[in-house]
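Participant: what follows is a protein structure lacking sequence information:
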């Protein structure tokens, strides 16, 4: 509430009406929100647009492009001006082309009179290491009124295409990356954990610090954000029904051992090699933390499961797994990709993988999706929650007035800023510094101590890296990553 009052006071000019000029937007932001003028130019910059795919709030959908999909109507001649002297086949073979395809948005329910695209975009890795867009098609099915937009199109036409793409990215970020596959999927797992594991069970003690607060914050979100008059209905392009539909669609493919396991997810998207996408700061920092978490979980669980037979014989653990994988129609969670054989955990390694992924999701995964929200969402041209009118259907030159007419009004902007500012406030302790201690076994206490020492080293490494990053990416510094989802 304090944040809301402060922002409302600073942004009194945003309460009603539409934007009149782009300078009008900049003046309000620079005078009342203490945003640096240089930050307000990012929405025009192709390198900033590319960076949103690898160091923004939605870093888990870009993948290496090895073959141009037939539904994307590009040609070699069309793209070669943007490939720094390479032919398209050579750029593909050199792993310089990347793709984001949001086919999952096709025919997704939206708010009345609001449209959402299901775009496909290609990105090129320049010689200087920056990632830039080179083609954007706003709808899936090729047609005369669905052109491929290029950086050489009239300036405001290209900007409009990027804004409609980012509006789609917002929908994916909020419904899937953030709400669906951190908050909601973990609520089910927390419920099953409390139902199947006793509070004295070593796995319960391991996971409990990372489960604090989530059910409470989810209940608050349903009340304030997902109600008929909540933030989603008032501010987003897709409504609550659309959120549920996207989550349902994605859950049919999401697997804990692939999309839910960072190294496997990076590998299946073809972006695990550190020699490509060197500015993929999310990947670099998240991997450091994932490996530290896996080491911590491995050491801890081996105290209690020195043989695989002890895992197999643990009825609580086996019941826990069974309820997670049981179909929703049988009152289970219906989670795909939980390791096991013949319906059981049969090894320490399988249990280690699951526990690592759960802790990662509640800490690192949520931090990456959540704590940069204000930075991205607060300035409407940069990352618009909704756009008015229709996506462009030709490459005709657009104007500043066309951009202004598409942007959300001032009230929507204010509501977006208030919510994203609140969501970026950290309210519990950083990773490893547990709000509640569950572990008292001396051997396990020593493992926790070693984990904290690892996190200190990683924090120092990330701080050093950020001194040469432009801009820095501090969001996965362990000192900034909370233990649990509390906001």
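Facilitator: Arrived safely. Since we're looking at a predicted model, the values are computed, not measured.
Participant: and the helices in the stretch 351-487 of the chain?
Facilitator: 366-370, 373-377, 400-406, 410-423, 442-466 (DSSP state H, counting those that start in this stretch).
Participant: show me what the longest one packs onto, helices and strands only.
Facilitator: Spelled out, that is helix 442-466. Applying 3 or more CB pairs under 8 Å, 6 or more residues apart in numbering; DSSP states H and E, we find helix 442-466 packed against helix 281-304. Quick note: C-beta positions are derived from backbone N, CA and C, even for glycine.
Participant: now do the buried residues in the helix it packs on.
Facilitator: Within helix 281-304, the residues scored as buried using 16 or more other CB atoms under 10 Å are 281-290, 292-301, 304.
Participant: ok, stretch 125-133 next?
Facilitator: Buried-residue list, stretch 125-133, by 16+ other CB under 10 Å: 125, 126, 130, 131, 132, 133.
Participant: spit out the contact partners of the fifth one.
Facilitator: Shown in contact with residue 132 (CB atoms under 8 Å, 6 or more residues apart in numbering): 46, 47, 49, 50, 82, 123, 124, 126, 151.
Participant: my read: the second one touches residue 131, true?
Facilitator: Think residue 47. Yes - between residue 47 and residue 131 there is a contact at 7.5 Å, judged by CB atoms under 8 Å.
Participant: out of the contacts of residue 132, which comes closest to residue 95?
Facilitator: For these, the minimum distance to residue 95 (CB to CB) is 11.1 Å, reached by residue 124.
Participant: which phi and psi values does that closest one adopt?
Facilitator: phi -120, psi 140 (degrees, to the nearest 10).
Participant: how about the contacts made by it?
Facilitator: Each residue near residue 124 by CB under 8 Å, 6+ apart is listed here: 82, 83, 84, 91, 96, 97, 98, 131, 132, 133, 134.
Participant: please indicate which of these are buried?
Facilitator: Among the contacts of residue 124, those classed as buried by 16+ other CB under 10 Å are 82, 83, 91, 96, 97, 98, 131, 132, 133, 134.
Participant: quick one: residues contacting the residue nearest to the spatial centre of the chain.
Facilitator: Nearest to the geometric centre of the chain sits residue 58, at 3.3 Å (CA atoms, centre = their mean). Going by CB under 8 Å, 6+ apart, residue 58 touches 52, 169, 172, 173, 177, 369.
Participant: let's see 6 Å
Facilitator: Contacts of residue 58 were listed using CB atoms under 6 Å, 6 or more residues apart in numbering, and they are 169, 173, 177.
Participant: repeat for residue 400
Facilitator: Per CB under 6 Å, 6+ apart, neighbours of residue 400: residue 22.
Participant: quick check: mean pLDDT across whatever helix or strand residue 48 lives in?
Facilitator: Assigned by DSSP states H and E, residue 48 belongs to helix 46-55. If you average the pLDDT over helix 46-55, you get 97.
Participant: ok, the following helix or strand past that helix: who's next to it in the sheet?
Facilitator: Downstream of helix 46-55, the first helix or strand assigned by DSSP H and E is strand 63-64. Under the criterion DSSP bridges, strand 63-64 sits next to strand 97-101 (antiparallel) in its sheet.
Participant: and the partner strand with helix 46-55, angle?
Facilitator: When axes from the mean of the first three to the mean of the last three CA atoms, to 10 degrees is applied, the directions of strand 97-101 and helix 46-55 differ by 70 degrees.
Participant: wouldn't residue 420 be in contact with residue 374 here?
Facilitator: Yes - taking contacts as CB atoms under 6 Å, residue 420 lies within contact range of residue 374: 4.5 Å.
Participant: re earlier: filter the buried ones among the contacts of residue 124 down to just the ones in helices.
Facilitator: Among the buried ones among the contacts of residue 124, the residues falling in helices (DSSP state H) are residue 91.
Participant: quickly name whichever of the buried ones among the contacts of residue 124 is closest to residue 240.
Facilitator: Looking at the buried ones among the contacts of residue 124 and their distance to residue 240, the nearest is residue 133, at 30.6 Å (CB to CB).
Participant: residues touching the closest one, list them.
Facilitator: Contacts of residue 133 (CB under 6 Å, 6+ apart): 46, 49, 121, 123.
Participant: swap in residue 358?
Facilitator: Going by CB under 6 Å, 6+ apart, residue 358 touches no other residue.
Participant: how far away is it from residue 396?
Facilitator: 50 Å (CB to CB, to the nearest Å).
Participant: go on, residue 412?
Facilitator: The gap separating residue 412 from residue 396 is 27 Å, by CB to CB.
Participant: which of those two has more neighbours?
Facilitator: Taking other CB atoms under 10 Å, residue 412 and residue 396 do not tie; residue 412 has more neighbours (19 against 11).
Participant: ok, the residue nearest to that one when sequence neighbours are not counted - contacts?
Facilitator: Among residues not flanking residue 412 along the chain, residue 235 sits closest, at 5.4 Å (CB to CB, 6 or more residues apart in numbering). By CB under 6 Å, 6+ apart, residue 235 lies in contact with 385, 412, 415, 416.
Participant: any idea how far residue 182 is from residue 369?
Facilitator: 6 Å.
Participant: when those two are compared, which one has more neighbours?
Facilitator: residue 369 (27 against 22).
Participant: is the closest residue to that one other than its chain neighbours in a helix, a strand, or coil?
Facilitator: Using CB to CB, 6+ apart and skipping residues adjacent in sequence, the residue nearest residue 369 is residue 178, 4.4 Å away. Secondary structure assignment for residue 178 (DSSP: H, G, I helix; E, B strand; the rest coil): helix.
Participant: neighbours of residue 178, how many?
Facilitator: Residue crowding around residue 178 was assessed by other CB under 10 Å; the count is 21.
Participant: check the one 5 residues further on too.
Facilitator: Per other CB under 10 Å, the neighbour tally for residue 183 reads 20.
Participant: where do the helices sit along the stretch 51-200 of the chain?
Facilitator: Using DSSP H, counting those that start in this stretch, the helices found in the stretch 51-200 of the chain span residues 76-79, 88-93, 155-172, 185-196.
Participant: mean pLDDT and distance to residue 207 for the ones you listed - can I get that in CSV?
Facilitator: Shown next, in CSV, are the helices of the stretch 51-200 of the chain (pLDDT from 0 to 100; distance: least, CB to CB, whole Å):
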stretch, mean pLDDT, distance to residue 207
helix 76-79, 96, 47
helix 88-93, 98, 43
helix 155-172, 97, 28
helix 185-196, 97, 6
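Participant: wait, which of these is closest to residue 219?
Facilitator: helix 185-196 (9.4 Å).
Participant: which non-adjacent residue is nearest residue 202?
Facilitator: Leaving aside its sequence neighbours, residue 202 sits nearest to residue 304 (CB to CB, 6+ apart; 4.5 Å).
Participant: and that neighbour, what pLDDT?
Facilitator: Taking residue 304 on its own, its pLDDT is 98.
Participant: same thing with residue 250?
Facilitator: Reading off the confidence values, residue 250 has pLDDT 98.
Participant: list the contacts of it.
Facilitator: If you count contacts by CB under 6 Å, 6+ apart, residue 250 has them with residue 176.
Participant: quick one: the strands in the stretch 201-350 of the chain?
Facilitator: In the stretch 201-350 of the chain, no strands are defined using DSSP state E, counting those that start in this stretch.
Participant: ok, which stretches of it are helices?
Facilitator: Using DSSP H, counting those that start in this stretch, helices in the stretch 201-350 of the chain cover 202-211, 214-224, 231-235, 240-251, 262-268, 281-304, 308-312, 315-325, 348-360.
Participant: can you check the pLDDT for residue 384?
Facilitator: On the pLDDT scale, residue 384 is placed at 96.
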